[in-house]
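[1] Here's a sequence, model it:
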Amino acid sequence: RILYEKYLKQLKEEKRSSQQELFPQNISLSLSDAGLLEDLLGELATLGFNVNKLGQTSFVVNGVPEGLDNADMQKTLEQVLENYKNNMIGLDLDKKINVARSLAVKMALKSGNKLHVEEMRSIVDSLFACEVPEVTPDGEKTYTILNLDKLQKLFN
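    Numbering: from 1, shown residues only. As a prediction, the model looks like this:
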């Protein structure tokens, strides 16, 4: 939810922030994915990707969004494009909303990651600073409040 709202805000305000790669990465995609990536270059640039087309299916990644240090750009962009295509099939989303959701899914912390207390507090604070902190972009609950009665029922 946090990343989704952050990316959506960036896309609406068209604030660009990119970390330039010391060693640009060349990537090669299927013809259909290359066409989709080319169609999304403007939105991805707003989110921090600095990608240029080299050939029909080849691209060079010169810059990435904050937090994507040392990432495999081939795999990252393929996953973002796959998420985007899946959203197109199941949902009727605006292009910017779809890109924000697709990148947020890719960039989100995966379960099992160990965090320090300060990181956990920061995430909770960021969640409650969101416009809609109760649910994920998919409509799933982000948290549950347990009162004393519910806790007693769980343990009895």
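[2] just checking, what packs against the longest strand anywhere in the chain?
    Ranked by residue count under DSSP state E, the longest strand found in the chain is strand 19-28. Helices and strands touching strand 19-28, by 3 or more CB pairs under 8 Å, 6 or more residues apart in numbering; DSSP states H and E, are strand 58-64, helix 73-90. To be clear about C-beta, it is placed using only N, CA and C from the backbone, and glycine gets the same treatment.
[3] now that strand: mean pLDDT?
    Per-residue pLDDT over strand 19-28 has a mean of 87.
[4] How about stretch 32-49?
    Average pLDDT, stretch 32-49: 93.
[5] Tell me which of the helices and strands packed on strand 19-28 is the most buried.
    Among the helices and strands packed on strand 19-28, strand 58-64 has the highest mean neighbour count (mean count of other CB atoms under 10 Å), at a mean of 18.
[6] quick one on the thing from earlier: any idea which of the helices and strands packed on strand 19-28 scores lowest on pLDDT?
    Among these, helix 73-90 scores lowest, at a mean of 89.
[7] can you state the direction angle for that helix and strand 19-28?
    Relative orientation of helix 73-90 and strand 19-28, computed by axes from the mean of the first three to the mean of the last three CA atoms, to 10 degrees: 80 degrees.
[8] who touches helix 73-90?
    Helix 73-90 is contacted from outside by 25, 27-29, 33, 36-37, 40, 44, 49, 51, 61, 64, 68, 93, 98-99, 101-103, 105-106, using CB atoms under 8 Å, 6 or more residues apart in numbering.
[9] repeat that for 7 Å
    Identification of contacts with helix 73-90 by CB atoms under 7 Å, 6 or more residues apart in numbering yields 25, 27, 33, 36-37, 61, 68, 93, 98-99, 101-103, 105-106.
[10] if we can go back for a sec, determine the angle, from 0 to 180 degrees, between the longest strand of the chain and strand 58-64.
    160 degrees.
[11] pull the CA atoms of the following helix or strand past strand 19-28 into PDB?
    Note on strand 19-28: by DSSP states H and E, the next helix or strand toward the C-terminus is helix 31-46. Presented in PDB, the C-alpha positions along helix 31-46 are these (Å, rounded to 0.1, in the frame of the first residue of the first chain):
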ATOM      1  CA  LEU A  31       8.900  -8.600 -29.200                       C
ATOM      2  CA  SER A  32       5.500  -8.200 -27.300                       C
ATOM      3  CA  ASP A  33       7.200  -7.200 -24.100                       C
ATOM      4  CA  ALA A  34       9.500  -4.800 -25.900                       C
ATOM      5  CA  GLY A  35       6.400  -3.100 -27.400                       C
ATOM      6  CA  LEU A  36       4.800  -2.900 -24.000                       C
ATOM      7  CA  LEU A  37       7.900  -1.500 -22.400                       C
ATOM      8  CA  GLU A  38       8.200   1.100 -25.100                       C
ATOM      9  CA  ASP A  39       4.600   2.100 -24.500                       C
ATOM     10  CA  LEU A  40       5.300   2.400 -20.700                       C
ATOM     11  CA  LEU A  41       8.700   4.300 -21.000                       C
ATOM     12  CA  GLY A  42       7.100   7.700 -20.000                       C
ATOM     13  CA  GLU A  43       5.500   6.300 -16.900                       C
ATOM     14  CA  LEU A  44       8.600   4.300 -15.900                       C
ATOM     15  CA  ALA A  45      10.800   7.400 -16.400                       C
ATOM     16  CA  THR A  46       8.600   9.300 -14.000                       C
END
